Structures are given as C-alpha cells and as structure tokens.
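A.B. asks: structure, please.
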Amino acid sequence: MSNSKLWPVHAFVEGLVANGVRFAVNSPGSRNTPLTLALAEHPEMTVFTHLDERSAAFFALGLAQAKHAPVVIVCTSGTATANYYPAVMEAFAAHVPLIVVTADRPPRLREVGANQVVRQNGMYAQHVKWAVEMPIPDGEIRTAKHATGVAARAAAEALATPAGPVHINYPLVEPLLIPARAACADMQMVCPPIVYASTVVEPQPSALTALQEALAHAERPLVVLGPQRDKEYAVLVQAFCQRNQIALFADSLSQARFATGKDTVVIGHYDLLLDAAKETCLLPDVVLKIGAEPTSKSLAAYLSRASAQSRVFVNDETAVYRDANGIATDVLIGHLGQWLQAVEIADGPRVEFLQWWTRADKFASHFIQKYTDKHWFEGTLLRVLLNALPKEAQFVIGNSRPVRDVDALAERDRPPLLMYGNRGVSGIDGVVSTAFGIAAAAPTLPTVLCIGDVSFYHDLNGLLAASRFAVPLMIVLVHNDGGGIFQHLSQAERQETLDYFTTPHGLNFQAIIEAYGGTYEQVCDSPSLAEAVSRLAQQPGLKVIEARFANDESVRHYRSMRSRIGRVMRGETD
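C.D. replies: Residues are numbered from 1 along each chain as shown. A predicted model of the protein is given here:
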C-alpha cells in the first residue's frame with residue numbers, strides 16, 4: 001500500500017529537473033524506495049541502478065565530469081552511505097558537481113539501537129560544500145515547496161564556483177511505497193524555483209594589469225596549466241602562449257598537452273627533462289600557474305627553486321586557491337578567459353627562453369622515440385597506446401604509474417584527446433567505475449582506460465556496468481603484480497621490506513573479466529598492442545588488453561633515460 005504522505009518526494013525530484021539535473025545513479029535498498037521511484041518515474045530523468053554504492057558513486061563522478069553537470073546519487077541508510085565517501089572526497093577536491101542524497105530513518109529511531117541506523121546527518125563533514133537534512137514528508141504542500149527549494153539550491157550549489165558535492169540527508173518513514181507521480185493531484189500547486197547562478201567570476205582589473213605588466217617585462221616567462229576538464233579553456237591558454245611566444249608546461253590532464261602541428265609552444269617532456277637535468281634547466285623570471293596542482297614532482301621542485309627569484313602568479317577559481325608548495329607572490333581569483341583572448345604582449349627577449357625549451361623538448365622527443373623503439377616497458381606501452389587511439393577517443397588515465405608515464409613520455413604531436421583522471425585526491429579506488437561513467441556520458445565515442453593491476457583489483461565490482469548499462473569500454477591493464485610505483489620511491493632503498501609496499505598478489509584476471517562478460521587479450525610488444533587497440537577501440541562491450549611487466553623493470557629504464565638526458569643537457573656527451 002502506498003503512503004500518500006510521501007508525495008513531496010516527487011516535488012523534490014521536480015526541483016532537481018527544473019534546475020538542470022538529468023542523471024541519477026541509484027543503488028537498490030529499502031529506505032530509499034520513495035526516492036528511487038520518484039526518480040524513475042520522472043520522464044526527463046535518466047536513472048542508472050548500480051548495485052555497489054562505492055562503484056555507483058564513482059560512476060556518477062565520471063558521468064558528472066564528462067557532462068559538466070550535476071549528477072544525483074541515491075542510496076539507502078546505514079553503511080551504504082559510507083561507501084559513497086571516497087567518491088565524495090574526490091568530487092570535493094576535483095571540483096565535480098555531485099548531489100549526494102542519503103535516505104535515513106526518522107530521528108526517533110536514532111541513538112536508540114534501531115537497526116541500520118548510523119549518524120548520517122552531516123557525515124561527509126568537510127568534504128561537501130553544503131549539507132542539509134530534509135523534514136520527514138508529511139503530505140503538506142508547504143513541505144513539497146520546501147523540497148523543491150532545497151533541490152534547486154542543491155543543484156545551484158553543486159555547480160557554483162568551485163563546483164563540488166552537496167549532501168542531502170532524507171529521513172523517510174514506512175510504509176515506503178510512494179504514490180505514482182501521475183496520481184499526485186497536489187503536484188500542480190508546486191512550482192519549483194529556478195536558480196540562475198553565475199559560475200564565472202573575472203579577476204580584478206588591477207590584478208590583470210599587474211600580470212600583463214610582469215609578462216611584458218619578463219625575459220623568461222612560463223605558463224603552467226594544471227589538470228582541468230574544459231577543452232575550450234585549454235585552447236584559449238594555448239593560443240595565448242602561441243600568440244605571445246611563451247613556453248607552456250601543460251599537464252597531461254590539462255586538455256592542452258596534445259596538439260597537432262610541429263610549431264607549438266607546448267613543452268611535452270618537461271617532466272623528464274626537469275627530472276634528468278635538474279639545476280641545468282633555465283629558470284623562469286615570471287610564472288603564471290593556472291588551476292590545479294600539476295602531476296609532476298620534478299615540476300613542483302623546479303617551480304619552488306624558481307620562486308626564490310621569480311614572480312609567481314597563481315590563478316584559481318576562488319580564494320581557496322591551490323598552491324601546495326607556497327610559491328605564489330600574487331594570486332588572481334577568477335576566470336582568465338576574456339583576458340587570454342584579448343592580450344597582446346609586445347615583442348621582447350622572451351623568445352630565447354622559449355627556444356631553449358623547444359630545443360630541449362625536441363631532443364627529448366627524439367631520444368625517447370629511439371629508446372622506446374628498442375625497449376618494451378610500461379612507458380613504451382603508454383606511448384604506443386596514445387598513438388593508436390582514434391582521433392575522437394576519450395582517454396581515462398589511472399593513478400600511480402600510468403599518469404606519470406603519460407606525463408613524462410607521451411608524444412604531444414597527435415590529435416587532441418579528451419583526457420580524464422581522478423586527480424583530486426588521486427586515489428586508486430573507483431577508477432574503473434569513473435571510466436564507465438565517462439563512457440556512459442558519450443556512449444558513441446570510444447572510451448579507453450589505462451590502469452594498473454592494483455587499482456583494477458580495487459574496483460572489480462565496477463566491471464558490472466559494462467553489461468548492466470551496455471556501456472562500451474576498453475581497458476588497457478598494466479600488470480606488474482602489485483605496486484610497481486614503489487620501485488620509484490624511497491621505499492625501494494629497503495628491498496628486504498619492499499613486499500609490504502609492492503603487494504604482489506599473483507592474480508590472473510582473465511577469468512574475472514570473462515565472468516563480467518568481457519573479452520580478454522594479452523599483448524607482449526608494441527605491434528601487438530597497437531593492433532589490438534586499433535581493432536577493439538570501437539567495438540561494443542567490455543574489452544581488456546593486458547600487458548605484463550616485471551615489477552622493477554620500469555625504474556631501471558627511467559634511470560637509464562634520466563642518466564643519458566642529464567649528461568647531454570650538461571654538455572657531457574653528444
């Protein structure tokens with residue numbers, strides 16, 4: 001029997017839809033029954049039902065990244081809510097709009113030992129932009145109007161700069177079966193508010209004047225673009241640097257790294273060059289650092305050295321600006337889009353700094369090409385994979401080694417790619433599900449995920465999305481039997497205890513992949529990888545291509561490359 005008092009939940013969903021929310025990811029449960037049915041019955045809402053709450057939340061994270069719009073996630077009460085937490089943390093740090101709705105028991109059942117009751121209200125604490133608890137639906141019009149207002153504010157708050165997650169805790173009472181939407185006569189008396197929120201703020205004119213004057217007098221200016229998802233903004237940054245002959249260090253997830261044409265200011269191999277040559281590299285005298293912190297540790301060290309004698313402008317969306325190494329001398333709050341389009345800087349000696357970096361980048365590119373032609377290792381795999389991807393592909397890069405291999409070794413001279421990664425808090429959990437969410441946002445485009453074996457293991461449940469939602473995804477699995485990145489870190493100095501960090505697991509993933517309805521292939525060299533990628537990229541379903549490497553192989557090749565590049569940069573060899 002339906003509970004007529006629950007109809008305001010329909011009004012809540014109406015408020016979400018009126019404010020642009022079109023996608024929901026729901027996990028089955030009893031307490032969230034009213035929310036599930038209200039979402040499913042709305043004709044403008046697309047609902048994905050994902051069995052595992054952790055995977056569901058990361059799926060929604062990927063969907064929101066790709067759609068540039070809020071996605072609502074809904075779960076039952078109890079431990080289900082805690083499984084959302086990793087994705088909520090990532091969304092908060094990476095500025096991804098999520099509307100987290102947790103169904104709950106009513107207050108009278110809290111703190112009295114009732115079943116499936118935890119302290120949900122405010123549970124995400126400092127990892128959401130806004131949190132609110134709804135009143136228990138009582139069938140009153142005023143309660144329905146309140147619900148639409150909360151929904152409208154949630155959508156606006158999730159999108160407002162900086163975008164991020166909001167949390168709505170929704171206590172619901174039995175019976176939990178909500179009346180059908182069409183049967184709720186009072187719905188016509190509820191008109192949801194539409195919130196017109198501005199998401200773009202421009203920096204103060206005095207800040208832009210200071211930046212322009214500093215660049216005009218600079219001899220060695222540098223622009224650094226961190227991870228960000230706006231392809232059009234990346235084009236503006238690149239065009240500004242090209243027009244004014246300023247070197248651009250573009251993170252592999254900045255959408256500006258890969259550019260067609262040989263004549264470009266994008267320095268593609270700065271990470272390896274800085275790591276190999278260190279103090280040999282010329283320092284900038286003015287730096288404009290835009291957005292999130294770049295992946296490269298060698299770049300962070302370089303900018304820290306430069307900050308001792310350079311003027312460093314840090315640009316970010318809000319006053320909660322990202323400057324992890326404390327290098328800023330000036331902070332510009334707001335979007336630089338209009339300024340980047342308009343500014344022309346008079347000719348000056350800065351072109352020599354650009355030419356120095358361009359020559360170094362060309363040398364590194366030539367050297368890396370010859371080296372990877374001869375040696376098959378994890379870095380070679382990333383280069384071959386990127387070159388084999390279709391022009392219109394979406395590429396999701398896993399954390400740990402894959403993102404660093406792309407940053408150091410990927411060739412920039414290829415058609416632009418849509419690049420994605422979970423670099424907010426850089427966890428290795430949920431990456432498979434994030435990739436499926438990105439694929440679901442544009443199912444006609446080929447979507448490819450490159451991921452390490454430990455991260456893949458962490459989110460095996462996410463593979464169910466392939467058959468459940470008919471979402472195509474190709475996964476290139478880099479298998480070094482657990483945690484090869486630690487061979488690159490200080491833990492490798494204690495080889496006798498390294499197994500505590502590299503976590504060898506001995507898993508054979510083929511049977512697991514096939515159990516989820518996927519196809520599996522193993523490759524062992526560059527030609528077989530390139531052929532498999534070209535053949536499988538646009539096929540439907542789940543396809544996994546695995547390549548296996550020795551756990552300590554990558555670090556040996558990087559040592560060799562750094563040594564040779566460093567000697568050349570110091571003038572010690574040809």
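
A.B. asks: could you find the closest non-adjacent residue to L477?
C.D. replies: Once flanking residues are discounted, L477 sits nearest to E546: 4.4 Å by CB to CB, 6 or more residues apart in numbering. For the C-beta atoms, the positions are set from N, CA and C on the backbone; glycine is no exception.

A.B. asks: roughly how far does that neighbour sit from A151?
C.D. replies: From E546 across to A151, the span is 44 Å (CB to CB, to the nearest Å).

A.B. asks: tell me which of those two has more neighbours.
C.D. replies: Legend: neighbour count by other CB atoms under 10 Å for E546 and A151, higher for A151 (28 against 20).

A.B. asks: which ones are touching that one?
C.D. replies: 12-16, 18-19, 21, 192 (CB atoms under 8 Å, 6 or more residues apart in numbering).

A.B. asks: ok, A470 next?
C.D. replies: Listed by CB under 8 Å, 6+ apart, the contact partners of A470 are 443, 540.

A.B. asks: in helices, which of the contacts of A151 appear?
C.D. replies: Of the contacts of A151, the ones assigned to helices by DSSP state H are 12-16, 18.

A.B. asks: P28 contacts T49, correct?
C.D. replies: Yes. P28 lies in contact with T49 (CB atoms under 8 Å); the separation is 6.4 Å.

A.B. asks: which stretches in the stretch 251-400 of the chain count as helices?
C.D. replies: If DSSP state H, counting those that start in this stretch is used as the criterion, the helices of the stretch 251-400 of the chain fall at 270-277, 297-307, 337-342, 351-374, 378-388.

A.B. asks: give me the pLDDT for Q538.
C.D. replies: The per-residue pLDDT reported for Q538 equals 88.

A.B. asks: next one: A56
C.D. replies: With respect to pLDDT, A56 scores 98.

A.B. asks: relative to D251, how far out is it?
C.D. replies: A56 is 29 Å from D251, by CB to CB.

A.B. asks: closest to L211 among the contacts of A151?
C.D. replies: N19 (35.2 Å; CB to CB).

A.B. asks: distance check, L409 against V471.
C.D. replies: Between L409 and V471 the distance, using CB to CB, works out to 29 Å.

A.B. asks: the two: which has the busier surroundings?
C.D. replies: More neighbours surround L409 than the other of L409 and V471, with 28 against 22 (other CB under 10 Å).

A.B. asks: the more buried one and L272 touch, don't they?
C.D. replies: Yes. Using CB under 8 Å, L409 makes contact with L272 at a distance of 6.8 Å.

A.B. asks: who touches both of the two?
C.D. replies: Taking CB under 8 Å, 6+ apart as the criterion, L409 and L272 both touch I368.

A.B. asks: now L211: phi and psi?
C.D. replies: phi -60, psi -50 (degrees, to the nearest 10).

A.B. asks: which residue packs closest to it, ignoring adjacent ones?
C.D. replies: Nearest non-adjacent residue to L211, counting by CB to CB, 6+ apart: F313, 5.3 Å away.

A.B. asks: wait, what's in contact with the one you found?
C.D. replies: When contacts are counted by CB under 8 Å, 6+ apart, F313 touches 210-211, 214, 286-289, 328-332.

A.B. asks: so it bridges to which residues?
C.D. replies: Beta-bridge pairing for F313 (DSSP bridges): L288, D330.

A.B. asks: list the contacts for Y520?
C.D. replies: With CB under 8 Å, 6+ apart, Y520 has these contacts: 509-510, 513-514, 544, 546.

A.B. asks: tell me, please, where in this structure the pLDDT is lower than the cut-off.
C.D. replies: Low-confidence segments of the chain, defined by pLDDT under 70: 259-263, 483-493, 496-500, 573-574.

A.B. asks: repeat that for 80
C.D. replies: Scanning the chain for pLDDT under 80 picks out 1, 197-199, 259-263, 346-348, 482-503, 573-574.

A.B. asks: where do the domain boundaries of it fall?
C.D. replies: As given by automatic domain parsing, the domain ranges for the chain are 4-189, 205-360, 375-560.

A.B. asks: ignoring the adjacent residues along the chain, who's closest to G427?
C.D. replies: Residue nearest to G427 in three dimensions, not counting chain neighbours: P86, with 6.1 Å by CB to CB, 6+ apart.

A.B. asks: likewise R350?
C.D. replies: Closest residue to R350 apart from its sequence neighbours, by CB to CB, 6+ apart: P221 at 5.3 Å.

A.B. asks: give me the phi and psi for the one you found.
C.D. replies: Backbone torsions for P221, taken as degrees, to the nearest 10, come to phi -80, psi 150.

A.B. asks: what separation do you get for it and V523?
C.D. replies: From P221 across to V523, the span is 43 Å (CB to CB).

A.B. asks: of the two, who's got more company?
C.D. replies: It is P221, of P221 and V523, that has more neighbours when counted by other CB under 10 Å, with 26 against 20.

A.B. asks: and that one, what does it touch?
C.D. replies: The contact partners of P221, by CB under 8 Å, 6+ apart, come to 215, 246-247, 284-288, 350, 353.

A.B. asks: let's see 7 Å
C.D. replies: Counting by CB atoms under 7 Å, 6 or more residues apart in numbering, P221 touches 215, 246, 284, 286, 350.

A.B. asks: how far away is it from F395?
C.D. replies: With distances taken as CB to CB, P221 is found 30 Å from F395.

A.B. asks: kindly report the same for S365.
C.D. replies: The spacing between S365 and F395, counted by CB to CB, is 20 Å.

A.B. asks: over to S77?
C.D. replies: For S77 relative to F395 (CB to CB), the value is 38 Å.

A.B. asks: repeat that for E53.
C.D. replies: Distance from E53 to F395, counting by CB to CB: 27 Å.

A.B. asks: more crowded one of those two?
C.D. replies: The neighbour count for E53 versus F395, taken as other CB under 10 Å, is higher for E53 (27 against 24).

A.B. asks: now the more buried one. Nearest residue, chain neighbours left out?
C.D. replies: E53 sits nearest to N83 (CB to CB, 6+ apart), 3.7 Å away.

A.B. asks: quick check: that neighbour touching L51?
C.D. replies: No. The pair N83 / L51 is not scored as a contact, 11.2 Å apart, by CB atoms under 7 Å.
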